[in-house]
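Task: produce atomic coordinates for the following.
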Amino acid sequence: MAKHRKESSKPAESHAKVALITGAGSGIGKATAMLLAEKGYRIGVLDIDSDEVHCVVKDIKAAGGGAAPLVADVSNAEQMHSSIDALVKQFGRLDVVFANAGINGVWTPLEDMHPDEWDRTIAINLRGTFLTVKYSIPHLKKKGGAIVVTSSVNGTRLFSNVGASAYASSKAAQVGFTKMIALELAKHKIRANVICPGPIATLIIATTEKRNFAK
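I've put the predicted structure just below:
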């Protein structure tokens, strides 16, 4: 009499690698989410726009992949902490973190920039990167993994975009941040790299506010 094969008690998701992608509702983040899902990763689709998040999750699942919707403001510590914990609870692990969320913010001469406009750009681009990485580290340490941060040529070599002082400052800081954590986390078998794209046709360009350039 043939013996029945014992089924594994672990869910299938626990064997697949898991990637957290911020700013995954559109642009670079969405494209990366779809690509990694095609390669078998389970995706944490994180964005502040609920409709976009659920749309991307729906597309991934329709293509046979696995994804979790995570609606959060990357500059909010409580929301990021709970979102990352929820992702790991659902899929059992975390292997890749793509800190991609960011805004151009307001581009205007420095004397015309309001302090709250400066703060918002720094909060989303830099604080958001910090929080994304911070709350991911305990999970990445378990098996090792990879962190990728989206900076910009505006933070490395292109400083001729007048009015983009807050944006360029946040992007330059992301480069320094990633270099620091690469050394700090290497002993835990966690790689950290920063990418610095040039102009790409995404919604970030359409939502940039430019003001008072006639002066």
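
who does the longest helix anywhere in the chain touch, helix- and strand-wise?
The helix spanning the most residues in the chain, taking DSSP state H as the definition, is helix 165-185. Under the contact criterion of 3 or more CB pairs under 8 Å, 6 or more residues apart in numbering; DSSP states H and E, the helices and strands touching helix 165-185 comprise helix 115-122, helix 128-140, strand 145-150, strand 190-195. Bear in mind the C-beta positions are built from the backbone N, C-alpha and C, glycine included.

Save these as TSV, and put in distance to Thr32 too.
As requested, the helices and strands packed on helix 165-185 are exported to TSV (distance: least, CB to CB, whole Å):
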stretch	distance to Thr32
helix 115-122	22
helix 128-140	14
strand 145-150	9
strand 190-195	11
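
got TSV for the ones you listed, with distance to Ser169, mean neighbour count and mean pLDDT too?
As requested, those are exported to TSV (distance: least, CB to CB, whole Å; neighbours: other CB atoms under 10 Å; pLDDT from 0 to 100):
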stretch	distance to Ser169	mean neighbour count	mean pLDDT
helix 115-122	7	16	96
helix 128-140	13	21	98
strand 145-150	15	21	98
strand 190-195	15	18	97
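
Mind checking those for the one nearest to Ala37?
Distances from Ala37 to each of the helices and strands packed on helix 165-185 were compared by CB to CB, and the smallest falls on strand 145-150, at 16.2 Å.

Identify the residues contacting the closest one?
Contacts made with strand 145-150 from outside it, assessed by CB atoms under 8 Å, 6 or more residues apart in numbering, are listed as 23, 28, 94-100, 102, 129, 133, 136, 140, 174, 177-178, 181, 185, 189-195, 197.

Direction included, what does it pair against?
Partners of strand 145-150 in the sheet, by DSSP bridges, are strand 96-99 (parallel), strand 190-195 (parallel).

Alpha carbons of the shortest one, as PDB, please.
This points to strand 96-99. Extracted in PDB, the C-alpha atoms of strand 96-99 (Å, rounded to 0.1, in the frame of the first residue of the first chain):
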ATOM      1  CA  VAL A  96      15.500  42.900  -0.100                       C
ATOM      2  CA  VAL A  97      14.700  46.500   0.700                       C
ATOM      3  CA  PHE A  98      14.300  49.000  -2.000                       C
ATOM      4  CA  ALA A  99      14.100  52.500  -0.400                       C
END
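
which intervals of this protein have sub-threshold pLDDT?
Applying pLDDT under 70 to the chain flags the ranges 1-14, 155, 158-162, 199-215.

give me the element Gln90 is part of.
Using DSSP states H and E, the element containing Gln90 is helix 77-91.

Run the angle between that helix and helix 128-140 for me.
40 degrees (axes from the mean of the first three to the mean of the last three CA atoms, to 10 degrees).
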